[in-house]
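In: predicted model and sequence follow; I will ask about them next.
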Amino acid sequence: MNKLQQLHDRAALAISPVALVLAQVNIKPDKSKAPGASGLEDVVNGFAWYALIAAAAGFLIGGACWAVGGRIGNDYTATGGKVGMAVATGVAFLVGAAAAILNFAYNTAPDTPAASNEAPTAGSAAVRTIDGVPVGVQQSRAGVLAAADNYVATVSENVVKDPRLYETLVRRVFAPSEQDYALREGERARTLAPAAVSDYAEGGGAVALIGARRLDTYDGSRAQVTTWLGGVVWGPSRRPTQRWQLVETDLRWDGQRWLVERMRPAQRSAPAPAVTKADDTSAYDRATFERELRGMTAPTYGVR
């Protein structure tokens with residue numbers, strides 16, 4: 001996925017080779033990719049502590065000089081004390097605000113599209129289909145919502161019905177630290193639902209529905225999304241049934257795509273329709289579902 005894009009415009013290459021090369025560079029700081037990052041972060045935090053202690057000492061010494069200079073009528077000493085206190089205050093402010101200032105500057109910079117060896121579905125699509133699964137590839141608020149929509153819908157629809165597709169999705173878009181857990185949970189779900197496994201093997205179906213979603217937090221590199229998820233299932237031994245739940249997903253941008261760091265059902269009741277209306281009673285028949293929904297899947301959200 002880190003392959004540089006092919007150069008299509010030779011004229012642009014001839015006119016501005018440096019600009020073209022820079023346009024293909026993708027810089028996305030990622031602590032997980034830096035050997036020794038945690039140790040280096042500890043060193044920086046240690047320096048910040050020393051700087052804060054030095055500022056405190058400077059503030060106290062400056063205050064003492066100001067007091068002594070004023071007492072004995074020495075303006076030079078008093079002024080020096082005031083300056084020392086002001087400098088110490090400035091240093092303490094910078095120590096406390098450094099991370100916030102730098103993060104603000106980084107997050108306000110324009111997003112740089114990641115290079116890819118996969119052709120986008122269209123234009124500036126937020127999602128691309130790779131190896132048959134949706135991958136969120138746009139670093140934006142809309143992009144992370146589209147990623148969460150697709151990941152939640154694909155997991156819900158295929159965790160029992162299509163284990164191979166489910167595993168492909170997990171390997172593609174789940175963070176390495178979450179993959180083993182997700183695969184174990186998928187196996188557990190299939191073990192606990194032998195009737196559903198049998199129904200799918202005999203032609204049963206399922207469709208996932210994203211009823212609504214909310215972007216709870218977003219800072220450019222991480223996001224939390226709550227999804228109102230609906231699911232409809234049917235099969236030879238199962239009447240058409242719907243279920244609604246809330247799903248909470250934590251995502252992280254890795255420089256190329258949105259990765260799932262955590263996806264769990266919310267530990268609270270989800271809203272669910274108390275009544276489902278239809279034009280006639282045949283709408284509730286399994287045969288109607290099998291006939292009308294055959295071959296349908298959840299849509300790919302965010303593709304233009």
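Out: Structure's in. What do you need? Numbering: from 1, shown residues only.
In: only C-alpha atoms from now on, for both contacts and neighbour counts.
Out: OK.
In: grab the longest strand from the chain for me.
Out: strand 238-253 (DSSP state E).
In: got the buried residues for that one?
Out: 240, 242, 244-253 (16 or more other Cα atoms under 10 Å).
In: before we move on, what about stretch 158-165?
Out: Neighbour counts using 16+ other Cα under 10 Å place 158-161, 163, 165 of stretch 158-165 among the buried residues.
In: just stretch 56-66 next, same as before
Out: 56, 58-66.
In: one step back: in CSV: the buried residues of strand 238-253, plus distance to Glu290 and pLDDT.
Out: Converted to CSV, the buried residues of strand 238-253 look like this (distance: Cα to Cα, whole Å; pLDDT from 0 to 100):
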residue, distance to Glu290, pLDDT
Pro240, 10, 89
Gln242, 15, 90
Trp244, 21, 94
Gln245, 24, 94
Leu246, 27, 95
Val247, 27, 96
Glu248, 31, 97
Thr249, 31, 97
Asp250, 35, 97
Leu251, 35, 97
Arg252, 38, 96
Trp253, 39, 97
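In: show me the shaky parts of the stretch 1-150 of the chain.
Out: The model of the stretch 1-150 of the chain has pLDDT under 70 over residues 1-34, 37-38, 106-124.
In: who are the contact partners of the most centrally placed residue in the chain?
Out: Against the mean C-alpha coordinate of the chain, by Cα atoms, centre = their mean, the closest residue is Leu251 at 2.5 Å. By Cα atoms under 8 Å, 6 or more residues apart in numbering, the contact list for Leu251 reads 144, 148, 222-224, 258-262.
In: then Val159?
Out: Listed by Cα under 8 Å, 6+ apart, the contact partners of Val159 are 166, 186, 189-190.
In: repeat that with 10 Å
Out: By Cα atoms under 10 Å, 6 or more residues apart in numbering, the contact set of Val159 is 165-167, 169, 182-183, 185-190.
In: now swap in Arg214 and tell me
Out: 145, 224-228, 248.
In: what count of nearby residues applies to the residue nearest to Val173 when sequence neighbours are not counted?
Out: Computed as Cα to Cα, 6 or more residues apart in numbering, the closest residue to Val173 that is not its neighbour in sequence is Leu259, at 4.9 Å. Per other Cα atoms under 10 Å, the neighbour tally for Leu259 reads 27.
In: confidence score at Leu259?
Out: For Leu259, the model assigns a pLDDT of 97.
In: between the helix or strand harbouring it and strand 238-253, how big is the angle?
Out: Using DSSP states H and E, Leu259 falls within strand 258-265. Angle of strand 258-265 versus strand 238-253, following axes from the mean of the first three to the mean of the last three Cα atoms, to 10 degrees, is 130 degrees.
In: picking up where we left off before, okay, the buried residues of stretch 56-66 in JSON lines with secondary structure and distance to Gly211 next?
Out: Shown next, in JSON lines, are the buried residues of stretch 56-66 (DSSP: H, G, I helix; E, B strand; the rest coil; distance: Cα to Cα, whole Å):
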{"residue": "Ala56", "secondary structure": "helix", "distance to Gly211": "55"}
{"residue": "Gly58", "secondary structure": "helix", "distance to Gly211": "59"}
{"residue": "Phe59", "secondary structure": "helix", "distance to Gly211": "58"}
{"residue": "Leu60", "secondary structure": "helix", "distance to Gly211": "60"}
{"residue": "Ile61", "secondary structure": "helix", "distance to Gly211": "63"}
{"residue": "Gly62", "secondary structure": "helix", "distance to Gly211": "62"}
{"residue": "Gly63", "secondary structure": "helix", "distance to Gly211": "62"}
{"residue": "Ala64", "secondary structure": "helix", "distance to Gly211": "65"}
{"residue": "Cys65", "secondary structure": "helix", "distance to Gly211": "67"}
{"residue": "Trp66", "secondary structure": "helix", "distance to Gly211": "66"}
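In: name the nearest of these relative to Gln138.
Out: Ala56 (45.0 Å; Cα to Cα).
In: which ones are touching Thr77?
Out: By Cα under 10 Å, 6+ apart, the residues touching Thr77 are 62, 64-70, 83.
In: actually Ala272, not the one I wrote
Out: Here Ala272 is in contact with 228-230, 242-245 (Cα under 10 Å, 6+ apart).
In: distance check, the closest residue to Val247 other than its chain neighbours against Trp258.
Out: The shortest distance from Val247 to any non-neighbouring residue, by Cα to Cα, 6+ apart, is to Pro265 (4.4 Å). Counting by Cα to Cα, to the nearest Å, the gap between Pro265 and Trp258 amounts to 19 Å.
In: which one's more surrounded, these two?
Out: Trp258 (31 against 15).
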